[in-house]
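Participant: 3D, please:
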Amino acid sequence: MADSARSLDDTAQDGGRPGRFAGMGPFMLVWSGQAISLVGNSVLRFAFVFETWSATGRATALTTLSLCALLPQVLLSPLAGAFVDRVKRRTALQVADGGGLLIVALLSVLHFTGGLHTWEVYAAVMLLGSAAAFQFPALGASVPLLVDKAQLQRANSLLASAKSTADVGGPALGGLLVAFSGLGFILVADLVSFALALVAIRVVRMRGDTGPASKPAGGPRKKLTAEAMEGMRFLFRYPSLRDLMLAFCVVNLVMVFGFAAVQPMVLARSGGETAALASVNTAIGVGGVAGGLLMAAWSGPRNRARGMLLGIIGMCLSAQVAMALVGGVVGWCAAILVGAALMPMINGVMQAIVQTKVPQEWHGRVFGAVMFLSQLSVPLATAVSGPLADEVFEPQAAAGTGIFVVLGPLVGDGPGSGMAAMLLIAGLCGIAVGVLSMTRRTVREIDTLLPDVSDGSPEDTGSEATDIDATAIGATDSSGRPGDPEGPENPDHPDHPENPGRKEFVEG
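Facilitator: Residues are numbered from 1 along each chain as shown. All right, here's what the predicted structure looks like:
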């Protein structure tokens, strides 16, 4: 199987020139396994939602189920990232998928020997969320070992399209399987999906996957919690990475805040038509899949940061501003499909930037920090959007008071108008963040100001790639990196030795 993957690399040549997907055979095997596993997980999640609703009949129970899946994944991401940097990448991927397989196996035993209780489902969902916390940093750190640097954006976009496929196909398939086969068959199918993902990981060779040194230079290994915090400090150490990540996190916050109002807005404005909501949800999934595939064929923008920011602006314009202003199912589907199609490009470029600007031995910790920062906004935005819609925006829209003196002519005053205003405001805020970030040289010119790290590959020979002294990052914040105008090598920077106001900063 591994040989056949390598043969794809060899035959992807045309006249001595590499093909568009040359060198991606090993990645495609891992991607296929992960895509099947994601679909299996999505089907199982749908089955759990159905079982929980059947047992309780309460919306609060479903909200609690969602939090049980999300919170462990968010809170454990930094620790999971630190663990990923302590082991081989193959081992980290096996921990993520193997952990999921063991949990589903235990659920299967419980189901076939006496049935699952609601509390057991909650506990299992929390454990599955904990296993998923390892998946994002492990995949983010493994992709550079499977493809060349020029293929990173393609590979990341294909991963995004796999997730979109699972999000749209999983519930549809889950509905059929729940109706015709039951939970037992779904559990077995998910076990098989995890097994296929593990097989794909085992047969693929990851170049340079030698694992970390047994002990860091200069002393014993730090505690896992201390190493987890290093990923956060790394992101905020370099102004270019810091500003890019802050923009990404703020946009994610406003996007989640706005998207939380999409489904109730569609139901309110369509008179409760479930077909309208199903059409909008399908458009999101189709857009995500199409965007990922188009990005894989295109390979992404040359100026990555600028392309990502333009993508953010376009996504906010279509999936939020246009979504709030247009009327009817066709308009909603068209607007949100365009926004969903841009999302794989945004995420793919963001991950490629981290993969090329951060040394390989730091990928786990940094991706763990990225996951934590970007997903922390999800429960926060979700928690506040509902009360704001019910208690503030919808009443003001109906009465034409407050901000609806201005927004009323744009969004109307009928049911759902308040939530449309929330979506509109969120979109305008996201556009503002994108435009403001575009004016920041540290973000706009990150590829010039912060050269790629050297991974020893031929394409780095003779380039401006630079190595980072990783040990210095964990000890002090006084060593600079070339090309960063706000770095410590700048005499005006507070950390420069010649600056009389220099601040000493030693990490604990």
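Participant: switch to C-alpha atoms for all contacts and neighbour counts from now on
Facilitator: Will do.
Participant: What values do phi and psi take at Gly400?
Facilitator: Recorded main-chain torsions at Gly400 are phi 70, psi 30, according to degrees, to the nearest 10.
Participant: okay, now it: neighbour count?
Facilitator: Close neighbours of Gly400, defined as other C-alpha atoms under 10 Å, add up to 17.
Participant: who touches it in this structure?
Facilitator: Taking C-alpha atoms under 8 Å, 6 or more residues apart in numbering as the criterion, Gly400 is in contact with Gly408, Asp413.
Participant: ok, now Met371?
Facilitator: Neighbour list for Met371: Val74, Ser77, Pro78, Phe136, Pro137 [criterion: C-alpha under 8 Å, 6+ apart].
Participant: Tally up the residues packed near the third one, please.
Facilitator: Meaning Pro78. Pro78, neighbours per other C-alpha under 10 Å, totals 33.
Participant: Please verify my assumption that Ala340 contacts Met315.
Facilitator: Yes - look at Ala340 against Met315 with C-alpha atoms under 8 Å: they come within range, at 7.3 Å.
Participant: which one of those two has more residues nearby?
Facilitator: When Ala340 and Met315 are compared for neighbours, Met315 comes out ahead with 27 against 24, by other C-alpha under 10 Å.
Participant: Over to the more buried one. Which of the three states is it?
Facilitator: Using DSSP: H, G, I helix; E, B strand; the rest coil, the structure places Met315 in helix.
Participant: give me every residue that touches the residue nearest to it when sequence neighbours are not counted.
Facilitator: Counting by C-alpha to C-alpha, 6 or more residues apart in numbering, Met315 lies nearest to Gly339, which is 4.3 Å off, once chain neighbours are set aside. For Gly339, the contact set (C-alpha under 8 Å, 6+ apart) comprises Gly287, Gly314, Met315, Cys316, Leu317, Ser318, Ala319.
Participant: again, 10 Å this time
Facilitator: By C-alpha atoms under 10 Å, 6 or more residues apart in numbering, Gly339 lies in contact with 283-284, 287-288, 291, 311-320, 322-323.
Participant: Please identify the helix or strand for it.
Facilitator: Using DSSP states H and E, the element containing Gly339 is helix 329-357.
Participant: before we move on, back to that, please list only the buried members of the contacts of Gly339.
Facilitator: Neighbour counting with 16 or more other C-alpha atoms under 10 Å marks 283-284, 287-288, 291, 311-320, 322-323 as buried within the contacts of Gly339.
Participant: my guess is Arg306 is in a strand, correct?
Facilitator: No - with three-state DSSP as the criterion, Arg306 is located in helix rather than a strand.
Participant: For the chain, which segments count as strands?
Facilitator: 13-14, 17-18 (DSSP state E).
Participant: Comparing the ones you listed, which yields the minimum mean pLDDT?
Facilitator: Among the strands of the chain, strand 13-14 carries the lowest mean pLDDT, at a mean of 38.
Participant: need the longest helix for the protein.
Facilitator: helix 25-56 (DSSP state H).
Participant: Mean confidence (pLDDT) on it, please.
Facilitator: 86.
Participant: Number the residues from 7 up from this point.
Facilitator: From this message on, residue numbering opens at 7, which makes the last subject helix 31-62.
Participant: helices and strands around that helix, which ones?
Facilitator: Applying 3 or more C-alpha pairs under 10 Å, 6 or more residues apart in numbering; DSSP states H and E, one finds that helix 31-62 contacts helix 8-17, helix 65-90, helix 95-120, helix 124-152, helix 158-186, helix 189-209.
Participant: List the buried residues for the third one?
Facilitator: Neighbour-count burial for helix 95-120 flags 95-107, 109-111, 113-114 (criterion: 16+ other C-alpha under 10 Å).
Participant: Let me know how buried Val194 is, in neighbour terms.
Facilitator: Close neighbours of Val194, defined as other C-alpha under 10 Å, add up to 15.
Participant: what sits against it?
Facilitator: Val194 neighbours (C-alpha under 10 Å, 6+ apart): Gly46, Val110, Ala111, Leu113, Ser114.
Participant: now swap in Gly420 and tell me
Facilitator: Counted by C-alpha under 10 Å, 6+ apart, Gly420 has contacts Ala274, Arg275, Glu400, Ala403, Ala404, Ala405, Gly414.
Participant: Mind listing what's buried along the longest helix of the chain?
Facilitator: 31-59.
Participant: The helices and strands packed on helix 31-62 into TSV, with extra columns for distance to Ser391 and mean pLDDT?
Facilitator: Listed next are the helices and strands packed on helix 31-62 as TSV, based on distance: least, C-alpha to C-alpha, whole Å; pLDDT from 0 to 100:
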stretch	distance to Ser391	mean pLDDT
helix 8-17	47	40
helix 65-90	14	83
helix 95-120	32	90
helix 124-152	23	89
helix 158-186	22	82
helix 189-209	33	92
